[in-house]
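Asks: Please find the sequence and the predicted model below.
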Amino acid sequence: MELDPVVLSRIQFGLTAMYHFLFVPLTLGLSFILAIMESVYVMTGRRIWREMTQFWGKLFAINFAMGVATGITMEFQFGTNWAYYSHYVGDIFGVPLAIEGLMAFFLESTFVGLMIFGWDRISRLQHLAVTWLVALGSNLSALWILIANGWMQNPVGARFNFETMRMEVTDIFAVIFNPVAQAKFVHTVSAGYVTGAMFVLSISAFYLLRHRHGAFARRSFAVAASFGLASSLSVVVLGDESGYVTTEHQQMKLAAMEAMWETQPAPADFTLVGLPDAEARETHYAVHIPYVLGLIATRSIDEEVHGINELVAGAEQRVRSGLVAYEALQRLREAPGDATARERFEAHGDDLGHALLLKTFMDDPLQAGERDIARAASLTVPPVTALFWTFRIMVALGFFFIALFAFAFYVSATQRFERYRWFLRTAVYALPLPWLAAELGWYTAEGGRQPWAIEGILPTDIAASSVSGGMVLASLIGFVVFYSVLAVVDAYLMVRYARMGPDRALHNTPAGAESVAADLEPQES
């Protein structure tokens, strides 16, 4: 059986990216929670807040180390598995990645070391500043990664140079302030804050159920409930902004997420549930909410949201236009001074990427017939059924988090933990849900961009390196084995320290003597 290196490269990058993203959201959220806790410690001088910061900081350090280790392998794959991608867009894509590297490995990593080991070596205010810089560095690191990713979704501030056969930067500020990147950044970091809050809330609920570390758990629960409620509300609001930006720049992704085959009269209905049928190009048993999609996607009552069939027809026209650009490009490579070819390329160059879709199944796009053009246009439809359900599960979880953190805030404010033990159990079992939502969101964003590595410019199938399928399979197996070992080590360390609790983790207090002096402090402190 022949192994497809492109498919295997996509699987490998997808697995490593999803594994890495297990650690990123917790780093983003927990860093700010640590900064909040230490701020209270510096303002009040209460030792329990220092112990809270130190304990959650230990768990943060474990997670941070795993995030750094898994992130490095992702970036190496651009050279090993996606060499043509790196050649084609490296001038643009490399800039934010280089800045992210400086943020992650110089700013963030340096201050993490000071935060963990500098408690008795620098003053309280200095250590607090370090903790806030760790939080800031974590978010700045995410910003530059998402600027790079946002450019893949909406390639602005760049043009194709036929002389070098590469994309080149024309406006770096357009790349940095790309509206897709900015929307993705605020939505992603808010989701990370929810993850950090759920992590602290769930473990604190576990302690309260076991009647352990009462003062520590109550205060941690209160911080997580407040921070989580604000963050979960932000996720929904900022997710609306992401939907609006998607309408402007990735209409096919939006149509696929809605399984909307035909363009609806404005304002379009939102499909709550249904069974998408890609072969029949219809959604069975669909339940619609009138006007909602139109209002979210266009923020108007008179603008249409285009359906998949209409967008595919538009893609056919772009393939034809791209063939004109492709032919002109061939002439320019032979005769760079050909003014007619240059004029034709400038007129149709924006559609060159659609002509390149033909290269995914034929060597010479100029030999394409009408059936080939129609086939290439049909490739622009991403996996509709998967996107339809991942998006809906993600949104449902978002509203669940709002309800959970709102009730957690009420329980914390009234101190009725014993009365609502069922809720504490719910909070413990809800621990993995933010990670599930984050992974679903990642798939929605990246799966919805297919078949493009760079939206409208570079198809994924021709972005891969010229390596054999066997080589990619060998590295894929190696990554799976290595990452599985790391997953076991990470889970073991996290569970071990969480079960130990703050007393044994920080002071080596014997089991059974876990009550810290802070438990005697008034609860309202």
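Replies: Received, thanks.
Asks: Tell me which other helices or strands the lengthiest helix in the chain touches.
Replies: Determined from DSSP state H, the single longest helix within the chain is helix 469-507. Other elements packing on helix 469-507 under the criterion 3 or more CB pairs under 8 Å, 6 or more residues apart in numbering; DSSP states H and E are helix 5-20, helix 47-80, helix 179-209. The way it works is simple: take the backbone N, C-alpha and C, and place the C-beta from them, glycine included.
Asks: For the first one, buried residues please.
Replies: It refers to helix 5-20. 5-6, 8-10, 12-13, 16-17, 19-20 (16 or more other CB atoms under 10 Å).
Asks: re earlier: if you compare the helices and strands packed on helix 469-507, which one is most tucked away?
Replies: Comparing the helices and strands packed on helix 469-507 by mean neighbour count (mean count of other CB atoms under 10 Å), helix 179-209 comes out on top with a mean of 24.
Asks: Show the residue spans covered by the helices in the stretch 101-250 of the chain.
Replies: Counting by DSSP state H, counting those that start in this stretch, one finds helices in the stretch 101-250 of the chain at the ranges 109-117, 124-153, 172-176, 179-209, 214-249.
Asks: Need these in TSV (columns: mean pLDDT).
Replies: Listed next are the helices of the stretch 101-250 of the chain as TSV, based on pLDDT from 0 to 100:
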stretch	mean pLDDT
helix 109-117	87
helix 124-153	92
helix 172-176	93
helix 179-209	94
helix 214-249	90
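Asks: so which of these gets nearest residue 337?
Replies: Proximity to residue 337 (CB to CB) singles out helix 172-176 among those, at 30.0 Å.
Asks: Can you give the distance from the closest one to the centre of its chain?
Replies: Offset of helix 172-176 from its chain centre (CA atoms, centre = their mean, to the nearest Å): 20 Å.
Asks: Now do that helix: which elements does it pack against?
Replies: Using 3+ CB pairs under 8 Å, 6+ apart, helix 172-176 sits against helix 83-102, helix 124-153.
Asks: okay, those helices in CSV with mean neighbour count next?
Replies: Output for the helices and strands packed on helix 172-176, formatted as CSV (neighbours: other CB atoms under 10 Å):
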stretch, mean neighbour count
helix 83-102, 18
helix 124-153, 21
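Asks: out of these, nearest to residue 58?
Replies: helix 124-153 (13.6 Å).
Asks: and that closest one, what other elements does it pack with?
Replies: Judged by 3+ CB pairs under 8 Å, 6+ apart, helix 124-153 is in contact with helix 24-44, helix 83-102, helix 109-117, helix 172-176, helix 179-209, strand 452-454.
Asks: Let's have the ones you listed in TSV, adding distance to residue 424.
Replies: Shown next, in TSV, are the helices and strands packed on helix 124-153 (distance: least, CB to CB, whole Å):
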stretch	distance to residue 424
helix 24-44	19
helix 83-102	39
helix 109-117	30
helix 172-176	44
helix 179-209	4
strand 452-454	46
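Asks: which parts of stretch 399-415 are buried?
Replies: 401-402, 404-405, 407-409, 411-412.
Asks: and that stretch, how far out from the chain's middle?
Replies: 26 Å.
Asks: Mean confidence (pLDDT) on it, please.
Replies: Taken as a whole, stretch 399-415 has a mean pLDDT of 96.
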